[in-house]
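Chemist: only the shape, not the letters, is given here:
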């Protein structure tokens, strides 16, 4: 890799600011920038010129097609390719791309999840250009396509995607944050951005082994599998030396991401064997969301080039740590000030304290919605598993901020703040340095980490649009109420102190600086009346509570029909995911595991008969014990298969929605566990040559 390789390739596939200046007239460039930064209307004339410049750039880089790239409620991305080809009316091909084609597309809206917003016969939907996220070129097997980030809505205007609500929430929190800032005299601030960085955890396994596991292919996780003698007990994989094959993958991944303008920064081995993490530099929530979708897609693509498979499921292997996606969130003004930075005197930084109080209050007030925003079927296996944040939402502030909060609650204001002291390692050749004012807490689902909050609950396979939409909307709602009070105050300074004090007093029970993995915390959280929503189904119910609807509608983020439709989509997605898992388990058990065990049992019986026949006095008790135990487990597995098949067939007769999702949670999940248990035990008994699929040890360590 050349020394200047990063500079040479960075954003070469992006219709970046530099490229726009190259391909657009100055007047058009200025008009587009005004739309991007100030929300001013984009004229048809400007759109046509932008479309022409974008087309010329794409053609110069080998593209023949363009697509409106959008993010439907599937959680993945979608695209329909159209070529630039047109005709001049004389049977001659010409290459065209108009402003109208840039601004609006028309995919089929009935074939995506809509939760009843669209009927099958009501097909029309629209994609609308999101000019705040730059267009880019996607390359697959030498084919280049111009991708235009877009929002996706129905014919009647409801949001059918994850981007539209996110953009609405970004406008909402900017509006309310600016109100607060103007009250503090910072009238030069016109806009506040959500700054987001999503750390991405993932597993890499050999692709040949992956292709021998139908559970991984169909569901993304292993539905069967016994732990090998070694797991992650020695902590030797975490931050360990990156092996050669994985290192080559990471090198190519970084290059692909840099070409797309994604600021891939950090890479390392995670706790579990075969697990890794990638982290980018922060950017605005909208672009960060688009980038993270591209990160997941690119990881899959690059892994296969190296004969690997990238697993993004939250819990691909039982018994070792699952994968999350830590969502780092802060607020930054258009003048460059981070509103969640405490500064040198956080006790005296009233602006910071009021935003801190707003976040604490929002997380407490709307904890079930935040829990739901991090909910997916895969994450149910991870949260609370003594490896990840529990399913209970709490906030970690750390020693410094906790001390300031205690002062505020005692006296109404704070007059001092503890600062980090010098760190002396006791080695003369190692220079002293100043340690941070507070420690970190990796067991907290929502932790303050110096100048931002880290929402650690989000699942590795999920879009970060949902968590950031909920967080933005909830904080905007609290800021709105604070601004209403402060705008009416006769004594502004006293009113600020009162607002900070009252909001922290009323919501302090959400703050927990201890060990979130400790079983005692579950009981303490119960005493604090903090919700413990163990599953996606439990959390979904809160989406259509009146308080939730009121908050989202007041901030213009969701309408009641959009929320009701999403609840239906979540219930349906949960049931479908569990149905696929159940059917996969039945197939694997019936076609692979049970036949393998029958072969093993038969070989044991043949061994007993052969030895007894050859030597009647020989001791065959070992073979008989193994034969008896294997036969018992085989019977348990067969009975469990029959039960799971019957229960799954019954589930399919239930009406789609909450009741069906609850049935899968309460009946199908236990039935799946009952089938897995005997087969996992048999894996540790049956001859390795007879076992039909790669074992955990082969997948996690032999890469």
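Modeler: Perfect, thanks for sending it. Since the model is a prediction, treat every value here as computed from it, not as a measurement. Numbering: from 1, shown residues only.
Chemist: confidence score at the nearest residue to residue 325 once chain neighbours are set aside?
Modeler: When the adjacent residues along the chain are set aside, residue 325 lies closest to residue 458, with 4.5 Å between them (C-beta to C-beta, 6 or more residues apart in numbering). C-betas here are computed from N, CA, C, even on glycine. For residue 458, the pLDDT comes out at 96.
Chemist: ditto for residue 437
Modeler: Note on residue 437: pLDDT of 66.
Chemist: again, but for residue 89
Modeler: Model confidence at residue 89, expressed as pLDDT, equals 64.
Chemist: one more: the one 4 residues further on?
Modeler: Each residue has a pLDDT score; the one for residue 93 is 70.
Chemist: what's the burial count for the closest residue to residue 42 other than its chain neighbours?
Modeler: Among residues not flanking residue 42 along the chain, residue 35 sits closest, at 4.6 Å (C-beta to C-beta, 6+ apart). Residue 35: 18 surrounding residues under other C-beta atoms under 10 Å.
Chemist: quick one: contacts for residue 35?
Modeler: 41-42, 46, 131 (C-beta atoms under 8 Å, 6 or more residues apart in numbering).
Chemist: with residue 401 instead?
Modeler: Contacts for residue 401 (C-beta under 8 Å, 6+ apart) come out as 342, 346, 356, 438, 448.
Chemist: can you get me a residue count around the last one?
Modeler: By that I understand residue 448. Under the neighbour criterion other C-beta under 10 Å, residue 448 is assigned a count of 25.
Chemist: got a PyMOL select line for the buried ones in the contacts of residue 35?
Modeler: In PyMOL, this line selects whichever of the contacts of residue 35 come out buried by 16 or more other C-beta atoms under 10 Å:
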select buried, resi 42+46+131
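Chemist: tally of neighbours for residue 534?
Modeler: With other C-beta under 10 Å as criterion, residue 534 counts 15.
Chemist: make that residue 230, sorry
Modeler: Residue 230: 12 surrounding residues under other C-beta under 10 Å.
Chemist: repeat that for residue 595.
Modeler: That count, for residue 595 with other C-beta under 10 Å as the rule, works out to 13.
Chemist: once you drop chain neighbours, what's closest to it?
Modeler: Leaving out its chain neighbours, the residue that sits closest to residue 595 by C-beta to C-beta, 6+ apart is residue 692, at 7.8 Å.
Chemist: then residue 350?
Modeler: residue 496 (5.3 Å).
Chemist: what do you get for residue 126?
Modeler: With sequence-adjacent residues excluded and distances taken as C-beta to C-beta, 6+ apart, residue 126 is closest to residue 153, at 5.5 Å.
Chemist: now the strand or helix carrying the one you found, how far from the centre of its chain.
Modeler: Assigned by DSSP states H and E, residue 153 belongs to strand 143-154. Centre-to-centre, strand 143-154 and its host chain are 21 Å apart (C-alpha atoms, centre = their mean, to the nearest Å).
Chemist: what's the average pLDDT for the helix or strand that comes right after that strand?
Modeler: Going down the chain from strand 143-154, the next helix or strand is helix 163-183, by DSSP H and E. What helix 163-183 shows for mean pLDDT is 97.
Chemist: show me which residues of helix 163-183 are buried.
Modeler: 163-181, 183.
Chemist: now do stretch 187-198
Modeler: Going by neighbour count (16+ other C-beta under 10 Å), the buried part of stretch 187-198 is 189, 191-198.
Chemist: try stretch 409-422
Modeler: Residues of stretch 409-422 classed as buried by neighbour count (16+ other C-beta under 10 Å): 413-414, 417-418.
Chemist: where along the stretch 151-300 of the chain do the strands fall?
Modeler: Listed in chain order, the strands found in the stretch 151-300 of the chain under DSSP state E, counting those that start in this stretch are 192-198, 200-206, 264-269, 275-280, 283-284.
Chemist: I'd like these as TSV, with distance to residue 664 and mean pLDDT appended.
Modeler: Shown next, in TSV, are the strands of the stretch 151-300 of the chain (distance: least, C-beta to C-beta, whole Å; pLDDT from 0 to 100):
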stretch	distance to residue 664	mean pLDDT
strand 192-198	29	96
strand 200-206	25	97
strand 264-269	35	93
strand 275-280	28	96
strand 283-284	37	96
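Chemist: quick one, which of these is nearest to residue 318?
Modeler: Among the strands of the stretch 151-300 of the chain, the nearest to residue 318 by C-beta to C-beta is strand 200-206 (12.9 Å).
Chemist: okay, the angle between that closest one and strand 264-269?
Modeler: Going by axes from the mean of the first three to the mean of the last three C-alpha atoms, to 10 degrees, strand 200-206 is angled at 50 degrees with respect to strand 264-269.
Chemist: strand partners (parallel or antiparallel) of strand 200-206?
Modeler: Using DSSP bridges, the strands paired with strand 200-206 are strand 275-280 (antiparallel), strand 308-311 (antiparallel).
Chemist: buried deepest among these, which one?
Modeler: Across these, the average number of neighbours (mean count of other C-beta atoms under 10 Å) peaks for strand 308-311, which reaches a mean of 24.
Chemist: many thanks, have a good one.
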